[in-house]
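1. What would the 3D arrangement of this be:
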Amino acid sequence: MGMLLFTCVLALVIWALVFRNELQRRRPERYWYLVGYPLTALRVAFTWRRVAYLNGLTVSHKPNRRVLGDLEIKGEPLRTRTPRISFPRATPYGLEVQVRLHPGQTPAPFLASSDAFAHAWRVHSVRVISPERGVVLITATARDPLENTARPVPGAGELLSAIVGALESGRSWVMDFRRVPHWLIVGATQSGKSTLLARLVTELAPQPVALVGIDCKGGMELGLLEMRLSALATNRSEAVAVLARLVTEMQDRMTKCRFAGARSIWELPEQARPVPVVVIVDELAELYLTNGSKEQRAEAEECTTYLLRVAQLGAALGLHLVVAGQRVGSDLGPGVTALRAQLSGRICHRVNAPGTAEMTLGDLNKDAVVVAQSISEAEQGVAITTGDTGGWMRGRSHLTTPAEARAAAAEHARMTPRPKFLAGAPGGGTLL
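-> Okay, here's the model as predicted:
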């Protein structure tokens, strides 16, 4: 009888282990809710007091200084109070814990303890934010949600909205130009910047949107998508010509809106609404760097002026900017800093120069700069992104090969708008 019971128990354990591994492989989200979350939640609840004490997150009932005669003695408090936490709430990729701070506590020590939380709770990563005064929200991610991302159907978004990847929260990574009109994208070679641009064009290709490319590397990147571009500038002289046309069109749209009593083109009747334009600039530095000659300096200054005007006034007029480069810094000229201030959407891949990450994200969130600098070479396509969420998030763009991007451009080439203000502009798509 004892042998039979032992055999049954052993068989049950083996079956549970096999079932567990199979469930974790095929249905990771179900495995998390059924197995991973209960175990991790209990681990958080039972270890919180000790983890908080070891990382200096507790407070004392009494001061840690005493006066004995003429001596002041300082020591570690023997009785401390641990901040109260809520019971861990499950999320698709981990759990969340809310901490109520004691008077005098600040979120800074909790931010510094994020790695200690991750190790103690055996999770992939921990992020700490303070959504309101006196409260800290600890978000633990059990596994890397960006390891494998499902790819959506191209063109599944709304007008001027592109699903370019997945966020670590499990939601789709969306670049919505109606909400965030202008974007700055930086990234070193092989970081995923070009793949993100290819994905963006692939998503916008089926939409009634004019795409204008400025690729001063001779069109090596955006030239692959030329069939779907309404104009393509491959050097700085052509870029000046295209940008000048866009600024003139912008002024015409302002006049049209003023006479119609509208504050944007979206308040105009649909039949009278001009086509939206997305200008994609690949490698911003090529527009600013000069050899010192008067002619090149004049061209660079014109580019600076035109880009800044589009960024300042174009949002309500249906003119949007996507500015990409390997590096962005004040050494390129004072116009870069002014332009950056107008590009509210920021995406930072792995960068070679810390100053580029600081220039991209530093004016928005210092924590995001640190996280961006920790992106490794193996994490191609991973980036820190900001948008209309009011914060920052890690995301990974969907892999889009040059062949796939070119096929999408060819498939939707017939939808390429031919606006009058771009008539005679360099490059651009041709009717098939």
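2. and the chain, what are its domains?
-> Domain assignment for the chain by automatic domain parsing gives 26-62+74-141, 161-422.
3. can you pull out the strands in the stretch 301-432 of the chain?
-> For the stretch 301-432 of the chain, the strands defined by DSSP state E, counting those that start in this stretch occupy 319-325, 345-348, 382-386, 392-397.
4. Take these and lay them out in CSV including mean pLDDT and distance to F259.
-> Bear in mind the C-beta positions are built from the backbone N, C-alpha and C, glycine included. Formatted as CSV, those follow (pLDDT from 0 to 100; distance: least, C-beta to C-beta, whole Å):
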stretch, mean pLDDT, distance to F259
strand 319-325, 94, 19
strand 345-348, 93, 31
strand 382-386, 90, 36
strand 392-397, 88, 41
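5. Let me have the ones you listed in JSON lines, adding mean neighbour count and distance to W32 as columns.
-> As requested, the strands of the stretch 301-432 of the chain are exported to JSON lines (neighbours: other C-beta atoms under 10 Å; distance: least, C-beta to C-beta, whole Å):
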{"stretch": "strand 319-325", "mean neighbour count": "25", "distance to W32": "36"}
{"stretch": "strand 345-348", "mean neighbour count": "26", "distance to W32": "28"}
{"stretch": "strand 382-386", "mean neighbour count": "25", "distance to W32": "21"}
{"stretch": "strand 392-397", "mean neighbour count": "24", "distance to W32": "19"}
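6. and V44, which of these is closest to it?
-> Across the strands of the stretch 301-432 of the chain, V44 has its closest neighbour in strand 392-397 (21.7 Å, C-beta to C-beta).
7. Pull the residues that contact the closest one.
-> Contact with strand 392-397 is made by 146, 149, 164-169, 173, 192, 195-196, 199, 361, 364-365, 367-368, 371, 379, 381-386, as judged by C-beta atoms under 8 Å, 6 or more residues apart in numbering.
8. that older thread, right, so of the strands of the stretch 301-432 of the chain, which gets closest to A231?
-> Here strand 319-325 is closest among the strands of the stretch 301-432 of the chain (C-beta to C-beta), at 13.0 Å.
9. rewinding a little: lowest average confidence across the domains of the chain, which one?
-> Lowest mean pLDDT of the domains of the chain: domain 26-62+74-141, a mean of 85.
10. need the contact list for G362.
-> So G362 contacts V369 (C-beta under 8 Å, 6+ apart).
11. Please apply the same query to I375.
-> Contacts of I375 (C-beta under 8 Å, 6+ apart): S191, H349, R350, V382, A383, I384.
12. how about those in CSV, adding distance to L319?
-> Output for these, formatted as CSV (distance: C-beta to C-beta, whole Å):
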residue, distance to L319
S191, 28
H349, 25
R350, 30
V382, 30
A383, 25
I384, 26
